[in-house]
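K.L.:
quick one: sequence and predicted model below, then my questions.
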Amino acid sequence: MSEQEDTGKTGRSERVALETLLVSGTQYLKSSSIASVGAPEVFYNLPPRPHIGLRIDVNARQLSEDQPNFEVSLVMQGIGYRTPPMPEMPEPEILYKIDLTYSGLFALQNARQDMIETLLLVEAPRQLFPSARHLLLNLIRESGFPVANIQPVDFNALMQSRRAKS
């Protein structure tokens with residue numbers, strides 16, 4: 001077996017181990033809002049693929065001190081731009097602004113203290129993201145705007161970035 005194949009299997013088994021420590025419950029839309037900036041004129045001459053700027057944050061809070069139950073929230077802010085921001089035009093015309101908070105209930109089972117942060121800030125949002133992305137894209141479409149593609153998010157890199165800023 002090559003080194004590369006061995007690494008792939010180890011990564012998969014680690015993910016399975018983390019998932020067994022994190023029990024997911026209900027997922028729900030906690031809040032959402034969308035503003036069509038400059039409507040109705042904004043709908044004249046829409047670009048076929050607007051640029052979307054996306055900010056994501058993850059919050060986790062314990063529901064009671066004596067229980068390992070948490071609410072994890074994926075907070076997303078999307079701004080649709082007519083064109084991508086560029087050095088000569090760092091703030092292009094805004095078409096829409098969306099704020100969305102998508103949450104889920106999670107319980108930890110037999111998790112070591114050093115694993116809790118990864119479980120709540122990486123694994124839980126990884127489970128929430130597909131549904132949150134689906135809701136965000138539906139809001140954009142139902143508001144009359146062309147839908148852009150949103151790639152998966154590396155929540156581990158997001159956590160590391162947040163740690164580096166602290």
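P.N.:
Yes, it's here. Quick caveat: nothing in here was measured; it's all calculated off a predicted structure. Numbering: from 1, shown residues only.

K.L.:
how far away from the center of its chain is stretch 138-152?
P.N.:
Taking Cα atoms, centre = their mean, to the nearest Å, one finds the center of stretch 138-152 at 15 Å from the center of the full chain.

K.L.:
dump that stretch to CSV, restricted to CA.
P.N.:
Once side chains and other backbone atoms are set aside, the C-alpha atoms of stretch 138-152 remain, and they are given as CSV (Å, rounded to 0.1, in the frame of the first residue of the first chain):
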residue,chain,number,x,y,z
ASN,A,138,-32.8,29.6,-2.8
LEU,A,139,-33.2,33.1,-1.1
ILE,A,140,-31.1,34.6,-3.9
ARG,A,141,-33.1,32.8,-6.6
GLU,A,142,-36.5,33.5,-5.1
SER,A,143,-35.6,37.2,-4.8
GLY,A,144,-35.2,37.4,-8.6
PHE,A,145,-31.5,37.3,-8.9
PRO,A,146,-29.3,34.9,-10.9
VAL,A,147,-27.7,32.3,-8.6
ALA,A,148,-23.9,32.0,-8.2
ASN,A,149,-22.1,28.9,-7.2
ILE,A,150,-20.8,28.7,-3.6
GLN,A,151,-18.0,26.3,-3.1
PRO,A,152,-17.6,24.1,0.1
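
K.L.:
who's in contact with that stretch?
P.N.:
32, 34, 36, 43, 46-52, 54, 78, 80, 95-96, 98, 100, 129, 133, 136-137 (Cβ atoms under 8 Å, 6 or more residues apart in numbering). Every C-beta, even on glycine, is put in place using the N, C-alpha and C of the backbone.

K.L.:
can you name the next helix or strand after the helix or strand of the chain with the lowest mean pLDDT?
P.N.:
Ranking every helix and strand in the chain by mean pLDDT, DSSP states H and E puts helix 3-21 at the bottom, with a mean of 52. Taking DSSP states H and E as the definition, the helix or strand that follows helix 3-21 towards the C-terminus is strand 22-36.
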